[in-house]
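No letters, just coordinates:
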């Protein structure tokens, strides 16, 4: 079977789709991946035949993809929540399609239209998923598996990241100042944000292979992005969330309600507050481990990949 995956050209949108795409490849399906060139390198390494539709660099519009649908004639299209017009193009071409989520269903007003209708591959554990989405959507549960790239880390450590879009020197610096007082090794993914001189027990890199570092962490401090949220949950690691925008406030609310994280809102953010909440975060470990067990019980990408032909034409 020939399959076409499509997503926004960012790690937060493309990487959650890779486990299912590679599982489909591994059982013999021909897999192609439509996305902007920013994410082509890992797609190419995985043998997922990446290409850039028309002039698309980030978003993909229906008109961008239509020539490639005519060229490839896939039996099934799997498209991320962030590229709804890929589904429009598939419908026009009379090709079945599935949505692929990137985490918890996001609220209105974050700059992405909320997807509706169709069948959703849902990687969010039900205990954290939006209640309205759970009640009304046609869902296929799919275990979130962090995209793993090589990395050499050893615990104990604290992992700090604000992602690639929301980091600023002020927020990252304040968080790091507070965490540095704990005396624990801190690994910081700076996202290119400049930092001043750092203590010896702080390791800062512009980019960190997140799936390699999180399992060694006693605490993950982050912005509330879906990928980091699910990666920490899958490893059963407590979280301290510093939401900045987009769906991060809703993710933080859900984590706090589940008891798996603590939170500091922008107006509460000081170095002392970060240090205090980081010390308290071990109280979230049991809830985080319970959600990790829930995630482990979800159908694996291999299992779901074997069911995909049922949704093809």
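That came through, no problem. From a predicted model like this one, the values you see are computed outputs, not experimental measurements. Numbering: from 1, shown residues only.

And the strands in the stretch 1-150 of the chain?
Under the criterion DSSP state E, counting those that start in this stretch, the stretch 1-150 of the chain contains strands at 2-6, 30-34, 50-51, 76-80, 97-100, 119-122, 138-141.

next one: the stretch 201-313 of the chain
202-205, 217-222, 239-241, 261-263.

Columns distance to residue 310 on top of those strands, output as JSON lines?
Yep, even glycine has a C-beta here, placed from its N, CA and C like the rest. Output for the strands of the stretch 201-313 of the chain, formatted as JSON lines (distance: least, Cβ to Cβ, whole Å):
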{"stretch": "strand 202-205", "distance to residue 310": "43"}
{"stretch": "strand 217-222", "distance to residue 310": "36"}
{"stretch": "strand 239-241", "distance to residue 310": "36"}
{"stretch": "strand 261-263", "distance to residue 310": "36"}
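
Would you map the helices across this protein?
Using DSSP state H, the helices of the chain run over 11-14, 18-26, 40-45, 62-72, 84-92, 131-136, 169-180, 210-213, 226-234, 248-258, 271-280, 285-296, 301-307.

closest to residue 153 out of these?
Evaluated over those, closeness to residue 153 peaks at helix 210-213, with 4.6 Å, by Cβ to Cβ.

and the residue sitting nearest the centre point of the chain, what is it in contact with?
Central residue of the chain (Cα atoms, centre = their mean): residue 227, 2.4 Å from the mean position. Shown in contact with residue 227 (Cβ atoms under 8 Å, 6 or more residues apart in numbering): 11, 12, 15, 16, 102, 103, 146, 210.

Double-check the fifth one against residue 16; I have them as touching.
Right, the one you point to is residue 102. Yes - taking Cβ atoms under 8 Å as the definition, residue 102 is a contact partner of residue 16 at 4.8 Å.

what touches both of those two?
Between them, residue 102 and residue 16 share the contacting residues 80, 123, 226, 227, judged by Cβ under 8 Å, 6+ apart.

residues near residue 313, how many?
10 (other Cβ atoms under 10 Å).

Kindly apply the preceding question to residue 253 instead.
The local packing of residue 253 (other Cβ under 10 Å) involves 17 other residues.

how much space between it and residue 240?
Look at residue 253 and residue 240: by Cβ to Cβ, to the nearest Å, they are 14 Å apart.

again with residue 254
15 Å.

out of the two, which sits in the more crowded spot?
A direct count of neighbours by other Cβ under 10 Å for residue 254 and residue 240 places residue 240 higher, at 26 against 21.
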